[in-house]
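Student: Fold the following.
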Amino acid sequence: MSINLFDLTGKTALITGGVHGLGMAMAKGLGHAGAKIVVNDHSSQEAVNNAIAEYKAEGIEAYGYLFDVTNESAVIEAITKIEAEVGPIDILINNAGIIKRTPIIEMEVADFEAVIKVDLTGPFIVSKNVVKGMINRGGGKIINMCSMMSELGRDSVSAYASAKGGLKMLTKNMATEWAKYNIQTNGIGPGYFATSQTAPIRVNGHPFNEFIMGRTPAGRWGNPEDLQGAAIFLSSKASDFVNGHVVYVDGGILATIGKPSNE
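Tutor: Have a look, this model is predicted:
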């Protein structure tokens, strides 16, 4: 009984931006739990094709589509096509995102707005169109990829923090409006993870590596697979009465003020 609570057999999951990195790690977790996986990229058919090949090599039933999450007409067209070709979307993970690292005083308005558009407006557009089918079918799961920047500031990421703080509150509002339809909307907030993007700074002696290792109570960077448990839980029957929360998978960073430099 308890194992069946986490079984995703027969479910279809759309993971935006699930062609690499943390999105791919979560998609693999859902796939190995039984779900059919649908991923997208906004510009590269080659990236989509390569991702699908990697999923299939692990025995996961996977499909890929090319569309821009900030273009509502493209999103509507893609959802219609996905549900006709693959099946109704039972699980949505709003994972697609960008970041621009620029101090506030130097940041162009257009760059600020670009981050908000992808990281906050994108989940709004995709969710509002996917949820219509979920409502008609009597249930569904939506997971918004938040961040520790949903809670904390950091130098040079004002647009990203603004978007992720907004996404946390959008998650709560989605839960407020859609819980009555048996739709659970929650978020996942990753800490600092070992990915290809962070590889250059994850070396002994690098100041940021030393900072993360000292700041994280677990004493390590997260592995992408560490997100799979939270993603499966929030996608499954096990979370049917969990709504409006952000699960921080961060090794304990947000639980502590940190250690003095002499410890």
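Student: Which elements pack onto the particular helix or strand that has Ala114 in it?
Tutor: Assigned by DSSP states H and E, Ala114 belongs to helix 109-116. Judged by 3 or more CB pairs under 8 Å, 6 or more residues apart in numbering; DSSP states H and E, the packing partners of helix 109-116 are helix 158-178. Where you see a C-beta, it was placed from the backbone N, CA and C, and this is true even at glycine.
Student: gap between the helix it packs on and the chain center?
Tutor: 13 Å (CA atoms, centre = their mean, to the nearest Å).
Student: now that helix against helix 109-116, angle please.
Tutor: With axes from the mean of the first three to the mean of the last three CA atoms, to 10 degrees applied, the angle from helix 158-178 to helix 109-116 works out at 40 degrees.
Student: In helix 158-178, which residues are buried?
Tutor: In terms of neighbour count (16 or more other CB atoms under 10 Å), helix 158-178 has its buried residues at 158-168, 170-172, 174-175, 178.
Student: Ok, stretch 55-64 next?
Tutor: Buried-residue list, stretch 55-64, by 16+ other CB under 10 Å: 55, 60, 62-64.
Student: ok, now stretch 212-221?
Tutor: So for stretch 212-221, counting by 16+ other CB under 10 Å, buried means 212-213, 215-216, 221.
Student: quick one: which of the residues you listed sit in helices?
Tutor: Of the buried residues of stretch 212-221, the ones assigned to helices by DSSP state H are 212-213, 215.
Student: Next, the distance between the ends of stretch 140-160.
Tutor: End-to-end distance for stretch 140-160, by CA to CA, to the nearest Å: 27 Å.
Student: Likewise for stretch 178-196?
Tutor: Stretch 178-196: ends 36 Å apart by CA to CA.
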